[in-house]
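Colleague: build the 3D model from these lines:
(one chain, ligands or ions: 1)
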Amino acid sequence: MKQLMLLFSFSLLFTNCNSSYTKKKKIGLIVQKAMVVSAKVEASKIGSDILKRGGNAYDAMIATHFALAVAYPVAGNIGGGGFMIYRNNDGTKGALDFREKAPISAHKNMYLDSAGTIIKNKSTLGANAVGIPGSVAGAFKVYERFGSIPFKALIQPAIDLARNGFKITKKQAISLNNTAKKFQKVNTYKTLFEAKWKEGALLKQEELAQTLERIRDFGRAGFYEGKTAELFVKYVAQLGGVISREDLQKYTAIWRKPITFEYKDYQITSMTLPSSGGICLAQILKSIAPYNVSDIEHNSTKYIQLLTEASRRSYADRAHFLGDIDFVNVPIDSLTATDYINQRMQSFSWDKATPSSEVSHGKILGHESDETTHYSIIDQFGNAVSVTTTLNTGYGSKVVVKGAGFILNNEMDDFSSKPGVPNVYGLVGSKANAIAPEKRMLSSMTPTIVEKNGKLKMVLGTPGGSTIITSILQNILNVVEYNMGMQESVDQPRFHHQWLPDIIRMEPEGFNSKTKTTLKTLGYTIYEKKTLVIGKVDAILVLPNGSLEGGADARGDDAAVGF
Ligand code: DON
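Modeller: Have a look, this model is predicted:
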């Protein structure tokens, strides 16, 4: 029963879009100098225009981020958070954590009733689901260190877009119409998003424009203090939530040391905790590194087996060991050590599936012991930025701050509300990811940069909750093992396994029936659904001649723009 309910919730999460990966080999936009690939053409264009004006990748990041908050309300945000990986043209790399935090008043059992049972929807819908947003703090952190043109010029295009409106796409109309009832249920007034939307209708967001103006005029205080904070705290309280002025004032984004590792001839840089992305990606890639992957047919039974078994073991570790590094002691080096990984893979057999019930977390010596969007940018100076940002599920908590026009996240559901009980992505967790005041919830977001021989090769990332890590994994392998172009790689059908539930999710019609039959006889359970979509990867590949190829995912409205 539990398994069935999980499958149901997965399908709800991923049915907003059509399954539209293409089988024909396509080449993405190719440009000579600079490119932005994001979920909406308006945002990619705004970012690319900033680059054309002489701005750098960081300026473009800020402009793109605010533009997505307007043009892509399902996930673009100022009421959410995310992560950034960067690589400067001199090869220096870094990571920014602007993940949401639990409110000061949060506590371990806040989503349980007196009998210790999870209260349905409390961590996903409405004001109690909201974490303290990090996006605006993140944008200013980036600007302070790397910004090169006036901040006002970076945010103004988003203000204009909010005030003058943009035409919504067919996918957006469907998604908004599907969410209308939830907006209605959660809010005390009729939000802007509740209407009978049709493709091409103009969405104008005046209150959001005014909030963005306060950010333009007062900096981070325009969001975390003053009128915006007042409207935020008042409305959350009205809806029964627990966020204070102090929560907002205290929020800070943090520079962190990214996870870096080698996969064959490639150097990979990805996000560290509180995202599990980099650690799991390192574990999985290191698990398969001893194999001649390019000799195994792409998306064949053997390929799916190898990636599934590596993923199964990594997600089991994720559930046990991983949580906010500022709160729990996580043995990152031990978990990504080659000897440890090889030992974890010793039980792998080509002859039959290892049931998840027989796989637990590994043994680490000396350890004491729990709708997103991505954009990739390369500028004309050779700097690269990889950002994944989210409200968590589509339109987050569905709370639209009255008078301020922005949507609040439901990131609190990424904590483990109760050990062993799955969250909306079917992920289980333990003490390491338990709720605590001001703690950051564990994420799967995996903004990544790949280098070859010390030179920039690829910038990539995706939404997709728990499937983010395996989508990034498959796109790296598509390019480095199977020599695919960027668009060709993004277009490939994807599959996913995360230890629990013990199923391989597959995009429909992407895998041949013989492969699936063989997998079943080896003991794998396959889950396919007509509308299942795994990730929306937006990526840029540096081609051998130095030009850039964009990979914009056709599963969404994603677009590459550059020059
Ligand atoms: O941080 C995480 O892992 C999730 N909140 C990401 C959510 C997501 O990717 C939703 N997109 N489909």
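Colleague: what is the three-state secondary structure of E230?
Modeller: Assigned with DSSP: H, G, I helix; E, B strand; the rest coil, E230 falls in the helix class.
Colleague: now it: closest residue in space, sequence neighbours ignored.
Modeller: Counting by Cβ to Cβ, 6 or more residues apart in numbering, R245 is the residue found nearest to E230 once chain neighbours are left out, at 8.0 Å. C-beta coordinates here come from the backbone N, C-alpha and C atoms, glycine included.
Colleague: for Q238, same thing?
Modeller: Leaving aside its sequence neighbours, Q238 sits nearest to T188 (Cβ to Cβ, 6+ apart; 6.4 Å).
Colleague: still on that earlier bit, tell me the pLDDT of the residue nearest to E230.
Modeller: pLDDT recorded at R245 is 98.
Colleague: got the residues of the stretch 401-550 of the chain near the ligand?
Modeller: E411, D414, S443, S444, M445, P463, G464, G465, I468 (Cβ under 6 Å from any ligand atom).
Colleague: one more pass at 5 Å, please.
Modeller: By Cβ under 5 Å from any ligand atom, the residues of the stretch 401-550 of the chain that approach the ligand are D414, S443, S444, M445, P463, G464, G465.
Colleague: one more: the chain?
Modeller: Selection of the chain residues close to the ligand by Cβ under 5 Å from any ligand atom yields E371, T372, T390, N392, D414, S443, S444, M445, P463, G464, G465.
Colleague: which of these sits closest to K452?
Modeller: Ranked by distance to K452 (Cβ to Cβ), those are led by M445 at 23.8 Å.
Colleague: thought that closest one was touching G82?
Modeller: Yes. The pair M445 and G82 passes the contact test of Cβ atoms under 8 Å, sitting 6.5 Å apart.
Colleague: overlap in contacts, the two.
Modeller: Any residue near both M445 and G82 by Cβ atoms under 8 Å, 6 or more residues apart in numbering counts here, and that gives T372, T388, T390.
Colleague: list of residues touching the strand or helix carrying S175?
Modeller: Using DSSP states H and E, S175 sits in helix 170-186. Contact with helix 170-186 is made by 16-18, 73-74, 125-127, 168, 190-191, 193-199, 201, 239, 394-395, 397-400, 556-557, as judged by Cβ under 8 Å, 6+ apart.
Colleague: are any of these buried, and if so which?
Modeller: Among the contacts of helix 170-186, those scoring as buried are 16-17, 73-74, 125-127, 168, 191, 193-194, 197, 239, 394-395, 397-400, 556-557 (criterion: 16 or more other Cβ atoms under 10 Å).
Colleague: and the residue nearest to M110 when sequence neighbours are not counted, how far from A102?
Modeller: Computed as Cβ to Cβ, 6+ apart, the closest residue to M110 that is not its neighbour in sequence is I435, at 6.2 Å. Counting by Cβ to Cβ, to the nearest Å, the gap from I435 to A102 is 6 Å.
Colleague: all strands of the stretch 1-150 of the chain, in order?
Modeller: Here the stretch 1-150 of the chain has its strands, by DSSP state E, counting those that start in this stretch, at 30-31, 35-38, 81-87, 93-98.
Colleague: let me know which of these is tucked in deepest.
Modeller: Of all the strands of the stretch 1-150 of the chain, strand 35-38 has the most neighbours on average by mean count of other Cβ atoms under 10 Å, namely a mean of 33.
Colleague: what comes into contact with that strand?
Modeller: Strand 35-38 has contacts (Cβ under 8 Å, 6+ apart) with 29, 43-45, 47-48, 51, 60, 64, 68, 72, 373-378, 538-540, 548, 550-552, 558-562.
Colleague: can you give me the neighbour number for E100?
Modeller: Residues lying near E100 (other Cβ atoms under 10 Å) number 30.
Colleague: hang on, it packs against G80?
Modeller: Yes. Using Cβ under 8 Å, E100 is in contact with G80, at 6.8 Å.
Colleague: so what's the nearest residue to A39 once chain neighbours are set aside up against?
Modeller: In space, and not counting its chain neighbours, A39 is closest to T373: 4.5 Å by Cβ to Cβ, 6+ apart. Residues near T373 by Cβ under 8 Å, 6+ apart: S38, A39, L68, Y72, V74, A75, G76, T388, T389, T390, P463, K536.
Colleague: and those, which is closest to V479?
Modeller: Nearest to V479 among the contacts of T373: K536, at 17.3 Å, using Cβ to Cβ.
Colleague: thought that closest one was touching G465?
Modeller: No. Contact criterion Cβ under 8 Å: K536 and G465 do not qualify, at 11.8 Å.
Colleague: what helix or strand is the residue nearest to A39 located in?
Modeller: For T373, the enclosing helix or strand under DSSP H and E is strand 372-378.
Colleague: what about the closest residue to E100 other than its chain neighbours, neighbour count?
Modeller: Closest residue to E100 apart from its sequence neighbours, by Cβ to Cβ, 6+ apart: G131 at 3.0 Å. If you count neighbours by other Cβ under 10 Å, G131 ends up with 32.
Colleague: for G131, give me the pLDDT.
Modeller: 98.
Colleague: surely it and F98 touch.
Modeller: No. Between G131 and F98 there is no contact under Cβ under 8 Å: 11.5 Å.
Colleague: identify the contacts common to these two.
Modeller: Residues touching both G131 and F98 (Cβ under 8 Å, 6+ apart): G81.
Colleague: gap between N56 and the ligand?
Modeller: As judged by Cβ to the nearest ligand atom, to the nearest Å, N56 and the ligand stand 27 Å apart.
Colleague: state the phi and psi torsions of that residue.
Modeller: Backbone torsions for N56, taken as degrees, to the nearest 10, come to phi -100, psi -180.
Colleague: re earlier: would you mind checking the contacts of T373 for buried ones?
Modeller: Among these, those that count as buried by neighbour count (16+ other Cβ under 10 Å) are S38, A39, L68, Y72, V74, A75, G76, T388, T389, T390, P463, K536.
Colleague: nearest to the ligand, of those residues?
Modeller: Taking Cβ to the nearest ligand atom as the measure, the ligand lies nearest P463 of the buried ones among the contacts of T373, at 3.6 Å.
Colleague: format the contacts of T373 as CSV; extra columns: pLDDT and distance to K25.
Modeller: Output for these, formatted as CSV (pLDDT from 0 to 100; distance: Cβ to Cβ, whole Å):
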residue, pLDDT, distance to K25
S38, 98, 23
A39, 98, 23
L68, 98, 29
Y72, 98, 28
V74, 98, 29
A75, 98, 29
G76, 98, 30
T388, 98, 27
T389, 98, 30
T390, 98, 31
P463, 97, 24
K536, 97, 19
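Colleague: which of the residues you listed fall in helices?
Modeller: Members of these lying in helices (criterion: DSSP state H): L68.
Colleague: closest to V490 among the contacts of T373?
Modeller: V490 lies nearest to K536 out of those, by Cβ to Cβ, at 8.7 Å.
Colleague: separation between G147 and the ligand?
Modeller: G147 is 26 Å from the ligand, by Cβ to the nearest ligand atom.
Colleague: re earlier: shared neighbours of E100 and G80, anything?
Modeller: The contact sets of E100 and G80 overlap at P133, G134, N409, E411 (Cβ under 8 Å, 6+ apart).
Colleague: so what's the residue nearest to Q238 up against?
Modeller: Going by Cβ under 8 Å, 6+ apart, T188 touches Q238, L239, K402.
Colleague: and it, how far is that from the ligand?
Modeller: Counting by Cβ to the nearest ligand atom, the gap from T188 to the ligand is 26 Å.
Colleague: is that residue in a helix, a strand, or coil?
Modeller: Assignment for T188 (three-state DSSP): coil.
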